[in-house]
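J.: Make a model of this:
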Amino acid sequence: CCQCCEEGQITHGEMWLCAGVPAALFRSVQLRQGSQHYMMHDPGGHRLPVLLFLHGANTYIYPETLWWDVQKLVDKNETLAKNFVLLAPFGSVGEPVVHPASWEKADRFYNRVPYVKCFDPEVLWDFLISALRALQEEGDERFDPARLHVTGYSMGGQATWGMACLFGSRLASVAPMAARCAWDDDAWEQQENILGELKALPVWNYAGKKDARAVSWRDSHLEPRALVGSA
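T.: Numbering: from 1, shown residues only. I've put the predicted structure just below:
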């Protein structure tokens, strides 16, 4: 993608960022809805925990920013780098894990293009299982199915909440960052099921005082009861 990459340099310096994705980390898996692309960090090992990382909305039209996120996660977290399998799906244009929005945003060429609405938690679960099956085919017991963790920020954090509400009983923990819990129209009717998925799930939610768009009153309504249920 650039001379630094071709020369195998570890860094591009602090003046600019590379738009390329290292081929060794780039993967794809076939879902019912189509081919899903993702990045995977695998340190190698036996029955490792798995972290599903979900990016923010900006990556929809700037997919190279996912590599920047993954690179920082691995470089700055030695525990993750050495002991976790990291899966990071691209929620970019045409990928099945995201829903396009009705509004538009300018891309890097200043063209007005449809932006993204949200991740689809059910398709994300399908992706997670499919990616793990593909990894399992590369060697026995590469990961521990009892230690599946999910984190994400902004749009990815909202999807982290979504996966917790639907699949929390099958996850080891979730850590949504700067994100609201989006409620579907039938959420109140599903309240018992949602609390059932959340009651035993470790949740560490990060939200700053300025995240007014990322936190709703319904989040604060749900969280205390979920914590009481897990006490």
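J.: CA atoms for contacts and neighbours, from now on please.
T.: Fine.
J.: Could you find the closest non-adjacent residue to Arg27?
T.: Counting by Cα to Cα, 6 or more residues apart in numbering, Arg27 lies nearest to Tyr38, which is 5.3 Å off, once chain neighbours are set aside.
J.: wait, isn't the one you found in contact with Phe26?
T.: Yes: using Cα atoms under 8 Å, Tyr38 is in contact with Phe26, at 6.1 Å.
J.: who's more crowded, the two?
T.: Tyr38 (20 against 15; other Cα atoms under 10 Å).
J.: shared neighbours of Tyr38 and Phe26, anything?
T.: The overlap between the contact sets of Tyr38 and Phe26 (Cα atoms under 8 Å, 6 or more residues apart in numbering) is empty.
J.: re the thing from before, could you say what helices and strands the helix or strand that the residue nearest to Arg27 is a member of packs with?
T.: For Tyr38, the element it lies in under DSSP states H and E is strand 34-41. Strand 34-41 is packed against strand 26-31, strand 85-89, with contacts defined by 3 or more Cα pairs under 8 Å, 6 or more residues apart in numbering; DSSP states H and E.
J.: Now it: buried residues?
T.: 36-41 (16 or more other Cα atoms under 10 Å).
J.: From Trp183, how far off is Ile129?
T.: To Trp183, Ile129 is 24 Å away according to Cα to Cα, to the nearest Å.
J.: Mind listing what's buried along the strand or helix carrying Arg133?
T.: Using DSSP H and E, Arg133 maps to helix 121-136. By 16+ other Cα under 10 Å, the buried positions in helix 121-136 come out as 121, 123-125, 127-128, 130-132, 135.
J.: Give me the mean pLDDT for it.
T.: For helix 121-136, mean pLDDT rounds to 97.
J.: got the angle for that helix vs strand 34-41?
T.: 60 degrees (axes from the mean of the first three to the mean of the last three Cα atoms, to 10 degrees).
J.: what helices or strands is helix 121-136 leaning on?
T.: Helices and strands touching helix 121-136, by 3+ Cα pairs under 8 Å, 6+ apart, are strand 26-31, helix 155-167.
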